[in-house]
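Asker: okay, predicted coordinates and the sequence, questions at the end:
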Amino acid sequence: MRLLALTCLLVVVSADEFNHKYAEGDDVWVYGNKIGPFFNPLETYGYFDVLPWCRPGSLEARKPTLGEALTGDEFIKLDMKMLFKKDVENSTICTRKITASEAQIFTSAVNEHYWYQLYIDDLPTWAALGKISNKIPSIYLHQKFNLGWNGDRIIIANLTAENKVPIPVDGGSLSFTYSIHWEEVDTPFEKRFRRYLDESFFEHKIHWVSVLNSFMMVALLACTVLGVLIRTLKADFVRYAREVEEDGIEFQDESGWKQVQGEVFRVPPNHALLCAFVGTGNQLIVLCFCLIFIAIASVIYADRGGLLSYGVCSYAVTSCVAGYSSARQFVQYSAAGPSISKDWKKTMFITSILLPAMVAAVITVLNTIARLYNSQQLITFTTLLAIGALWAFVAFPLVVFGTLVGRHQKKVEVPRISQIPRYIPERSRVVHYVSIAAGGILPFGSIFIELYFIFTSFWNYKFYYVYGFMLLVYIILILVTMCLSVVYTYFLLNSEDYRWQWNTFALGASTSGYVFLYAGYFFLFKTKMSGFFMTVYYFGYMFLFCFALAVMCGTVSFVTAELFVARIYRNIKIE
């Protein structure tokens, strides 16, 4: 119970130690967060872990929230006197005598374009450690703070690094100083974070045009699919009805989708895994909608790690969706094949661990590398224990609950299935795999531009805030995947191949393959990331993102195909 209480505390409690209100002369604390190479956003280290600069007598850290702990934020109170509305001129932080080896550490950091991040009243500030001038590495010794206030609130926090001096190669004395200048501003407290948003980038005309183009593509694709299929299926139904009316039975030499009417509801191989994928996919669909609406309704970008905290909690709460969806899918298969009814527990267990196991495997690898590098990206044992408790005491029981509800609802009626599986006409495997792979091109094309904005914000120090665009693109992605699934399923069945379940899931999941390839292109040509650490972290997180996307899009494609199959065979009589 104490562990569960700790988990809830980490998730719910705000990280702020203050109410953001100050009287003149009140202490304003400055926190050091992270430091690292500018071009490697996730290769970050503790503020006092790598550089031999001024350290307070004792390190006092502020407890992070769950989201902050997962993003590698660690706030150390700095030994810097700052009072509300009180200017400070050239105050000394410390004078540090460095050795030749310590000078080499500073030199290497400047050569790798190290930067550091400070927080003042939850407002982030950044500054470069130094600069290379005429091939000589120099370090900034002075920190100039320009702060803005409105009433009893801090509105603006700027940091400028000044007083550039060459690093003494053979060692020497470095005097670190700071100054503070306060200025009254008229920006309200509620809008103080707007200055961090790059509106010219995210609200550029090309962003609007790309969404409009994607919408027009969906409309055209949907109209084409509906028009072609309605005419084709209508002609098939008319011909089928006429044959039955004239002859009493179907022609035995007829070909097409009606020939497999006794096979399409057959239980697919690896049914438990497919049910788990569908259940997890439905959960992710609901989870994405929840997070997007939360982000639209709140100023989520101003809350450090807020979206990640909401994501972890929402995942746990929506686990009932996964359990219920996989159970309903399993009930349908068990109705078609009663011999598999005993597998419901296995299906439930796979559903509960499918995504968490994948995440745990990747995080284990990344954590091992972070420990070797002594990086701040290391997720602590306490945080992992809290997440494990959240899964054990919230997510897993909700999966069980959803499974029990799904199993005991009304049984699914499945049309009679042929006792002997029908022969499937042979076709080229190359054509088969190419058709599935090609199915991901249009969905990827519909989200390509938005991916660029999302990747740029995550990997290039920008705050993503246009969640309205994300919602539209998310809906467009779902609609495009649905249309393609209907078309692919019709042609697959028309070729008398009734193995549509896994094929349609793979069709939707293929979108993630193109996203992963684009992630590789983005890494090579749109960033300056380098090094083993950053490469593994980048592709590790991209793999998790693409895996979740594959499960989600595969589920959209599968469910659409399932509804389409049920609809077209509803009025076909099985002889």
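Answerer: That came through, no problem. Numbers count the residues shown, from 1 in each chain.
Asker: tell me where the model's unsure across the stretch 251-400 of the chain.
Answerer: Residues of the stretch 251-400 of the chain meeting the criterion pLDDT under 70: 251-255.
Asker: what's in contact with stretch 122-134?
Answerer: Contacts to stretch 122-134, defined as CB atoms under 8 Å, 6 or more residues apart in numbering, come from residues 15-16, 20, 33, 35, 38, 51, 106, 109-111, 113-119, 137-140, 143, 145, 154, 156-161, 164, 167, 192-193, 196, 304, 461. Backbone N, C-alpha and C define where each C-beta goes, glycine included.
Asker: buried by neighbour count, from these: which ones?
Answerer: 15, 33, 35, 51, 106, 109-110, 113-119, 137-140, 143, 145, 154, 156-159, 161, 167, 192-193, 304 (16 or more other CB atoms under 10 Å).
Asker: keep only those of these that are in helices.
Answerer: Phe106, Ala109, Val110 (DSSP state H).
Asker: redo those as TSV? Include distance to Arg416 and pLDDT.
Answerer: Below are these laid out as TSV (distance: CB to CB, whole Å; pLDDT from 0 to 100):
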residue	distance to Arg416	pLDDT
Phe106	78	95
Ala109	73	96
Val110	76	96
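Asker: pick out whichever of the residues you listed sits closest to Phe265.
Answerer: In terms of CB to CB, no member of those lies closer to Phe265 than Ala109, at 64.1 Å.
Asker: around the nearest residue to the closest one once chain neighbours are set aside, how many other residues sit close by?
Answerer: Among residues not flanking Ala109 along the chain, Leu129 sits closest, at 5.6 Å (CB to CB, 6 or more residues apart in numbering). Look at Leu129: counted by other CB atoms under 10 Å, it has 22 neighbours.
Asker: distance check, Leu129 against Thr92.
Answerer: Per CB to CB, to the nearest Å, Leu129 is found 19 Å from Thr92.
Asker: and for stretch 37-51, what's in contact with it?
Answerer: With contacts defined as CB under 8 Å, 6+ apart, stretch 37-51 is touched by 32-36, 55, 59, 72, 74, 76, 105-106, 109, 112-116, 128-129, 373-377, 458-461, 527-531, 533-534, 537-538.
Asker: and with 6 Å instead?
Answerer: For stretch 37-51, contacts defined as CB atoms under 6 Å, 6 or more residues apart in numbering pick out 32, 34-36, 55, 72, 74, 76, 112-113, 115, 375-377, 459, 528-529, 533-534, 537.
Asker: next, Ser173: phi, psi?
Answerer: phi -110, psi 130 (degrees, to the nearest 10).
Asker: and it, what does it touch?
Answerer: Residues in contact with Ser173 (CB under 6 Å, 6+ apart) are Lys97.
Asker: what pairs with it across the strands?
Answerer: Lys97 (DSSP bridges).
Asker: pull up the per-residue confidence for it.
Answerer: Ser173 is assigned a predicted lDDT (pLDDT) of 93.
Asker: next: Ile420.
Answerer: 78.
Asker: same question, Thr99
Answerer: pLDDT, Thr99: 94.
Asker: how much space between the nearest residue to it once chain neighbours are set aside and Phe106?
Answerer: Nearest in space to Thr99, with sequence neighbours left out and distances taken as CB to CB, 6+ apart, is Gly171 at 4.8 Å. As defined by CB to CB, Gly171 lies at a distance of 11 Å from Phe106.
Asker: quick one: low-confidence parts of the stretch 51-200 of the chain?
Answerer: Checking the stretch 51-200 of the chain against pLDDT under 70 turns up nothing.
Asker: Ala302: how many residues sit nearby?
Answerer: Neighbours of Ala302 under the rule other CB under 10 Å: 17.
Asker: surely it touches Phe193?
Answerer: Yes: using CB atoms under 6 Å, Ala302 is in contact with Phe193, at 4.2 Å.
Asker: just the strands in the chain please.
Answerer: 30-37, 45-46, 61-62, 75-77, 88-98, 114-120, 123-128, 130-133, 136-150, 153-166, 172-184 (DSSP state E).
Asker: I'd like these laid out as TSV, including distance to Gln332.
Answerer: Below are these laid out as TSV (distance: least, CB to CB, whole Å):
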stretch	distance to Gln332
strand 30-37	50
strand 45-46	52
strand 61-62	51
strand 75-77	51
strand 88-98	68
strand 114-120	52
strand 123-128	51
strand 130-133	64
strand 136-150	60
strand 153-166	57
strand 172-184	67
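Asker: any idea which of those gets closest to Ala392?
Answerer: Nearest to Ala392, of all the strands of the chain, is strand 61-62, at 27.6 Å by CB to CB.
Asker: strands paired with the closest one, and their directions?
Answerer: strand 75-77 (antiparallel).
Asker: can you tell me what sits against the strand it pairs with?
Answerer: Applying CB under 6 Å, 6+ apart, the set of residues contacting strand 75-77 is Trp29, Tyr31, Gly32, Asn33, Tyr47, Leu59, Glu60, Ala61, Arg62.
Asker: can you do 8 Å?
Answerer: Applying CB under 8 Å, 6+ apart, the external contacts of strand 75-77 come out as 29-33, 46-48, 56, 59-62, 64, 119.
Asker: please state the offset of it from the chain centre?
Answerer: On the basis of CA atoms, centre = their mean, to the nearest Å, strand 75-77 sits 28 Å off its chain's mean C-alpha point.
Asker: which neighbours do Gly171 and Phe106 share?
Answerer: Ile98.
Asker: residues of stretch 563-570 that come out buried?
Answerer: Buried residues in stretch 563-570, counted by 16+ other CB under 10 Å: Phe564, Val565, Ile568, Tyr569.
Asker: looking at the residues you listed, which is nearest Ser214?
Answerer: Taking CB to CB as the measure, Ser214 sits nearest to Phe564 out of the buried residues of stretch 563-570, at 23.1 Å.
Asker: distance of Thr527 from Tyr196?
Answerer: From Thr527 to Tyr196 the distance is 20 Å (CB to CB).
Asker: kindly report the same for His181.
Answerer: Taking CB to CB, one finds His181 at 20 Å from Tyr196.
Asker: right, I'll leave it there.
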